[in-house]
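J.: fold the following for me, if possible:
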Amino acid sequence: MPTLLPELVTDILLLLPVKSLLRFRCLSTSHCSEIDSADFVKNHLNMSIQTKIRQKLLFCDSESIMNGFAFDFYCADFDDDLKAAFLLKNPLKSPHRCTMVCASYNGLILLGFRFNNLALWNPFTRRYRRLPLCPVKALSGFQNFVNFGLGYDSALDDYKVVTISEFHDSNHVVFQAWVFSLKSNSWKRSQDVENKFTALVGCFANGALYWECDNKFVGFDLTNEVFFDLPLFPVWDPKSIYHHDYDILVVFGGNLYASIIRDEHKSVEFYLFVSDKSGEVAGGSWRKEFTLEEGDLSPLAYSKEGDKILFRKGNEIFWYNLEEKTRQRVVVASPVMTDFLWITDIFGRPEVPMYNYHVCCESLVSLGNDAAFDGAPY
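T.: Residues are numbered from 1 along each chain as shown. Purely as a prediction, here's the structure:
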């Protein structure tokens, strides 16, 4: 009986979703070794990113969290045109606390309940790891806010979580930054910062995490673990920029953008951050990409063809056709399709909008051999 060449078998496996690959691990020792190998995991992830296959839209049951109870997560498939959603098992679900999706990258989800209880979760391999408590150095004052970020350090092949704790006392404010390394499963204190972060969650692109601060943008280089300032726009004018219902800095299509609302919420301009030729994460400039004649839009993802962008506006999501300048509402058949969350008691930050839509891709990224199983059926 003829057999397939090993290279052809690998090419076929790379096309398969994670669920099928987990099952095929049982076929033979060689299949299991290949699927678990670091090279295969990276190649499978890169194919998903480059071809925009296996992309998912993750959202939450916000009604339960607003009532103070635990809630569930739902996932819709871009390959199925977001027609229907299925329930994901919440590994931290409890009748006594709420769980938040803080950030996501490469198929890993950063979950949180209260400011110092975090977990990394791969909902596609159904494994999760609770992070050890961050050894924040308590000050004489009180801890007010915590900011988060999740990203990938390509130089060390390591996923890192960054938290920034804000402490107040009668005389001054101190911001402590801590970095968690998945590879070492430990926290390390980074440099303190002097900026008040107005964005709860940092967005990751080009090897760095980015937050909005008072009157400027701040980045954090995950390899060197240092903060840096991003340049402002050449046309930056606070008087002509209107209040956002969304974060100004966003990442979609793998690139960092800034969205600026003008003309009394009648239009929004999108600027792309272009890195300079040196490749340094701190170097670069802003370039205006396009303007939409609609206000308060939050971009989520490009379509496979690149001719449309999935946006969120209010309690709706829709595809916006860049050439025809038309939009088509997306209705996902699911138990819930809700508006944003108002976080008032989990992270100690009152009236901060935390939107319950995240775009992520399936991946086999491992959380370690001792990662726990989330209990969901295969």
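J.: can you give me phi and psi for Met360?
T.: In this structure residue 360 is Cys, not Met. As for Cys360, its main-chain torsions (degrees, to the nearest 10) stand at phi -140, psi 170.
J.: next secondary structure after the lengthiest helix in the chain?
T.: The single longest helix within the chain, with elements called by DSSP state H, is helix 38-51. The helix or strand immediately downstream of helix 38-51 is strand 55-60, counting by DSSP states H and E.
J.: identify each buried residue in that next one, please.
T.: By neighbour count, with 16 or more other Cβ atoms under 10 Å as the criterion, the buried positions of strand 55-60 are 55-60. All C-beta spots, glycine's among them, are computed from the backbone N, C-alpha and C.
J.: now, which of those residues sits nearest Ile317?
T.: Leu57 (7.9 Å; Cβ to Cβ).
J.: what residues are up against that closest one?
T.: When contacts are counted by Cβ atoms under 8 Å, 6 or more residues apart in numbering, Leu57 is found next to 75-78, 82, 85, 300-301, 310, 317, 332, 357-359.
J.: any idea which of the buried residues of strand 55-60 is least confident?
T.: Among these, Cys60 carries the lowest pLDDT, at 76.
J.: for beta bridges, what are the partners of that one?
T.: Phe73 (DSSP bridges).
J.: so what's Asp229 bridging to?
T.: With DSSP bridges applied, the residues forming beta bridges to Asp229 are Val218.
J.: wait, isn't it in contact with Phe217?
T.: Yes - Asp229 is in contact with Phe217 according to Cβ atoms under 8 Å; the separation is 7.2 Å.
J.: neighbour count winner among those two?
T.: Phe217 (22 against 12; other Cβ atoms under 10 Å).
J.: distance of the closest residue in space to that one that isn't next to it in sequence from Tyr271?
T.: Across the structure, with Cβ to Cβ, 6 or more residues apart in numbering as the measure, the residue nearest Phe217 apart from its sequence neighbours is Leu230 (4.0 Å). Taken as Cβ to Cβ, to the nearest Å, the spacing of Leu230 relative to Tyr271 amounts to 11 Å.
J.: might you report the residue contacts of Pro299?
T.: For Pro299, the set of contacting residues under the criterion of Cβ under 8 Å, 6+ apart consists of 250, 252, 257, 259, 270, 309-312.
J.: scratch that, Phe197
T.: Shown in contact with Phe197 (Cβ under 8 Å, 6+ apart): 145, 147, 164, 166, 175, 211-213, 218.
J.: for the residue nearest in space to the middle of the chain, helix, strand, or coil?
T.: In the chain, the residue lying closest to the centroid (Cα atoms, centre = their mean) is Ser104, at 3.0 Å. Ser104 carries the three-state label strand when classified by DSSP: H, G, I helix; E, B strand; the rest coil.
J.: list the buried residues of the longest helix of the chain.
T.: Neighbour-count burial for helix 38-51 flags 40-41, 43-45, 47-48 (criterion: 16+ other Cβ under 10 Å).
J.: make TSV from these and add pLDDT to it.
T.: As requested, these are exported to TSV (pLDDT from 0 to 100):
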residue	pLDDT
Phe40	96
Val41	97
Asn43	97
His44	97
Leu45	96
Met47	95
Ser48	94
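J.: for the residues you listed, which one is nearest Lys266?
T.: For Lys266, the nearest member of these is Ser48. The distance, counting by Cβ to Cβ, is 36.9 Å.
J.: so where's the stretch 251-378 of the chain uncertain?
T.: 263-265, 277-282, 315, 334-356, 376-378 (pLDDT under 70).
J.: the buried residues of helix 38-51: which two are farthest apart?
T.: Pairwise across those, and taking Cβ to Cβ, the largest span is found between Phe40 and Ser48, at 12.6 Å.
J.: and stretch 27-40, how far out from the chain middle?
T.: 28 Å (Cα atoms, centre = their mean, to the nearest Å).
J.: find the nearest non-adjacent residue to Phe113, please.
T.: Setting aside the residues directly before and after it, Phe113 is nearest to Arg97 in space (Cβ to Cβ, 6+ apart), at 4.7 Å.
J.: before we move on, what about Gly306?
T.: Gly253 (8.0 Å).
J.: make sure the one you found is actually in contact with Leu300.
T.: No - applying Cβ under 8 Å as the test, Gly253 and Leu300 come out as separate, 10.2 Å apart.
J.: who's more crowded, these two?
T.: When neighbours are counted by other Cβ under 10 Å, Leu300 comes out ahead of the other of Gly253 and Leu300, with 17 against 14.
J.: in what helix or strand does the more buried one lie?
T.: Short version: Leu300 belongs to strand 298-302, going by DSSP H and E.
J.: start to end distance for stretch 293-304?
T.: One end of stretch 293-304 to the other measures 23 Å (Cα to Cα, to the nearest Å).
J.: in it, what's buried?
T.: Residues of stretch 293-304 classed as buried under the neighbour-count rule (16+ other Cβ under 10 Å) are 294-303.
J.: right, I'll call it a day here.
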